[in-house]
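J.: model this:
(chains A and B)
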Amino acid sequence: MRKEINRLKAEFCAKSCNEKLARSLVSAMAVQLDPTINELSDIVTAVSEAVTNSIIHGYGKSGKKKEECIIKLECILYENAIEVVIIDKGCGIEDIEQAKMPLYTSSPEMERSGMGFTIMESFCDDFSVTSEVGKGTEIRLYKVFGGDSLCENTTIPQ
Amino acid sequence: MKFELAKTGNLLIVKVAGELDHHFADEIRMRIDAELIKPPIRDILFDFNGLSFMDSSGIGMIMGRYKKAKALGGKAWIICNNPNATRILEMSGVFQFIEKCDSIHDAV
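T.: The predicted structure is shown next:
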């Protein structure tokens, strides 16, 4: 059983200026575990990708009113790991496997690179996506801090 | 984020420092595109040495500008000493299209 040592819950508007806010919150929690610069950078980058996805893809085309576009962020600290959950109530993902393909994007006109899920997957030790069309998406990111991290620097075959 | 544009001959030098995410990528994109329509600019050098953070929003912005430069018959270069930004650039295959260089002298 993993021992939980701290927890943060936050809600914020789906505005692009809050991408930095989300990174700052997760970073402030993560530093309590004294991660290396690379470990910290990995989880913060993965969070940035997830929050950006919620803003652009989750709510961007959902047609919802601005005040309804809320992103929930939950951050749980364990003794040597961090878990971050990012939840939106946006339009959801129809085909998750397709969305996870490197370089796939549903918004090429917005110059999205299609690398978001690939980065989340390769920068974290565990990663999951749950989504329902019309209901929203939940992303779970799990990163181990310390020598026993399973995360490798994944390179996409060109 | 700090953002500076400079020009020398055909070259537009784009210096970005701080955090490059979706929020700032949109702003940078507009400002670069406003310069790319002014002759004789056709080449771009991205100077990311002051970057402390970049996510995949940066990749979309860079590749979009590269395509515009290429359409003008130009080239693009990247200077980047941030290891995490470099990792994302490598993962995305950006260096297949845009040459990595160490200093501005390689581009002029």
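J.: Alongside chain A, which residues does chain B contribute?
T.: B:19, B:21-23, B:26, B:29, B:53, B:55-57, B:59-61, B:63-64, B:83-84, B:87-88, B:90-93, B:96 (Cβ under 8 Å from any Cβ of the partner chain). Glycine gets a C-beta too; all of them are placed from N, C-alpha and C.
J.: can you pull out the strands in the chain?
T.: Picking chain A for this. A:4-13, A:70-78, A:81-88, A:126-132, A:136-144 (DSSP state E).
J.: um, chain B though
T.: B:2-8, B:11-20, B:43-54, B:76-79, B:99-100.
J.: I'd like those laid out as CSV, including mean pLDDT.
T.: Converted to CSV, the strands of chain B look like this (pLDDT from 0 to 100):
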stretch, mean pLDDT
strand B:2-8, 94
strand B:11-20, 96
strand B:43-54, 96
strand B:76-79, 96
strand B:99-100, 93
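J.: Including mean neighbour count, could those strands go into a markdown table?
T.: Listed next are the strands of chain B as a markdown table, based on neighbours: other Cβ atoms under 10 Å in any protein chain shown:
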| stretch | mean neighbour count |
| --- | --- |
| strand B:2-8 | 12 |
| strand B:11-20 | 20 |
| strand B:43-54 | 21 |
| strand B:76-79 | 22 |
| strand B:99-100 | 14 |
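J.: Enumerate every residue touching the residue nearest the centre of chain B.
T.: Chain B has residue B:46 as the residue nearest its centroid, 3.2 Å off, counting by Cα atoms, centre = their mean. Contact analysis of residue B:46 by Cβ atoms under 8 Å, 6 or more residues apart in numbering or on different chains lists B:14, B:16, B:62, B:76-80, B:98.
J.: for residue A:123, same thing?
T.: A:42-43, A:45-46, A:143, A:151.
J.: ok, so of the residues you listed, who is nearest residue A:104?
T.: residue A:46 (17.7 Å; Cβ to Cβ).
J.: My understanding was that that closest one contacts residue A:119; is that so?
T.: Yes: here residue A:46 reaches residue A:119: they are 6.5 Å apart, a contact under Cβ atoms under 8 Å.
J.: what bridges to the residue lying closest to residue A:89 once chain neighbours are set aside?
T.: Sequence neighbours aside, residue A:136 is the residue nearest to residue A:89 in space, at 4.1 Å (criterion: Cβ to Cβ, 6 or more residues apart in numbering or on different chains). When assigned by DSSP bridges, residue A:136 has beta-bridge partners residue A:132.
J.: if we can go back for a sec, would you mind checking the residues of chain B next to chain A for buried ones?
T.: Listed as buried from the residues of chain B next to chain A are B:19, B:21-23, B:29, B:53, B:55-57, B:59-61, B:63-64, B:84, B:87-88, B:91-93; burial here means 16 or more other Cβ atoms under 10 Å in any protein chain shown.
J.: Could you list which of these belong to helices?
T.: Residues of those located in helices (DSSP state H): B:22-23, B:29, B:56-57, B:59-61, B:63-64, B:84, B:87-88, B:91.
J.: Would you format these as a markdown table with pLDDT and distance to residue A:76 included?
T.: Below are those laid out as a markdown table (pLDDT from 0 to 100; distance: Cβ to Cβ, whole Å):
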| residue | pLDDT | distance to residue A:76 |
| --- | --- | --- |
| B:22 | 94 | 25 |
| B:23 | 93 | 26 |
| B:29 | 94 | 36 |
| B:56 | 94 | 25 |
| B:57 | 94 | 26 |
| B:59 | 94 | 30 |
| B:60 | 93 | 31 |
| B:61 | 95 | 33 |
| B:63 | 94 | 35 |
| B:64 | 94 | 37 |
| B:84 | 92 | 24 |
| B:87 | 94 | 26 |
| B:88 | 95 | 26 |
| B:91 | 92 | 27 |
